[in-house]
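**Student:** sequence plus the predicted model coming up.
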Amino acid sequence: MEDLVTARLVLHPLSIPEARRLVMGAAGERTHGEPWAPGYPDEGDVAGARRFLRSCASTGDPQPFGPYEIRRRQDGLAVGGVAFHGLADDRGIVTIGYGLVPSAQGRGYATEALRALLEFARANGVKGVKGDTDQQNVASQRVMNAVGMCLVAQDDRLKYYRISWPDGPATAVPGDTEPSGEPSGPAAPG
């Protein structure tokens, strides 16, 4: 599977060995020479790597609808992750999540990475994408709004976003209030 490349980033599809290294690195078994920015991987990256490994063990590798490591093109360092949380459901909808290390936040990386992932999903037959974020995570809400996702529901804890492409141009699905049922993971400021 090939990397997805944007103006400033490379979205690298995580392999099984790479996911194992993320989990081991978080457990203090980090090897020298890993192309990781300080603070990477964080809890969200490790949780995503574990979910990916469980999925591979139970149903096979979901790529291209799995996790991607976000790397800066300028130095190749991993600064976060963006992921599909499995294959599309029977309606063609996938759930996403993303996060960045603190030193990479506030630079537009999350927006750039999420936009690339949405374009990839649409080009590969996905009908819609949904995600959620904590009520207080205004930065993540701005990221989802910036890529065209619309707020469709909220509860005491989360705000739920969605974009779909029924036929033709990308449009939000008005009145869709069905939450994802599965958190998209911690969405970090972009």
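**Tutor:** Arrived safely. Source: prediction; values computed, not measured.

**Student:** centre of the chain to stretch 57-65, how far?
**Tutor:** 16 Å (C-alpha atoms, centre = their mean, to the nearest Å).

**Student:** before we move on, what about stretch 125-144?
**Tutor:** Computed by C-alpha atoms, centre = their mean, the chain-centroid distance of stretch 125-144 equals 10 Å.

**Student:** any buried residues in it, and which?
**Tutor:** Buried positions in stretch 125-144, judged by neighbour count with 16 or more other C-beta atoms under 10 Å: 126-133, 137, 139-141, 143-144. C-beta here means a position set from N, CA and C on the backbone, and glycine is covered the same way.

**Student:** likewise stretch 99-116?
**Tutor:** Across stretch 99-116, burial judged by 16+ other C-beta under 10 Å covers 99-101, 104-105, 108-116.

**Student:** okay, and which of the residues you listed map to helices?
**Tutor:** 109-116 (DSSP state H).

**Student:** hmm, back to that, mind putting the buried residues of stretch 125-144 into a markdown table with secondary structure, distance to residue 40 and pLDDT?
**Tutor:** Converted to a markdown table, the buried residues of stretch 125-144 look like this (DSSP: H, G, I helix; E, B strand; the rest coil; distance: C-beta to C-beta, whole Å; pLDDT from 0 to 100):
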| residue | secondary structure | distance to residue 40 | pLDDT |
| --- | --- | --- | --- |
| 126 | coil | 27 | 94 |
| 127 | coil | 32 | 94 |
| 128 | strand | 30 | 95 |
| 129 | strand | 24 | 96 |
| 130 | strand | 26 | 96 |
| 131 | strand | 21 | 96 |
| 132 | strand | 23 | 96 |
| 133 | strand | 20 | 96 |
| 137 | coil | 19 | 96 |
| 139 | helix | 18 | 96 |
| 140 | helix | 18 | 96 |
| 141 | helix | 23 | 97 |
| 143 | helix | 18 | 97 |
| 144 | helix | 22 | 98 |
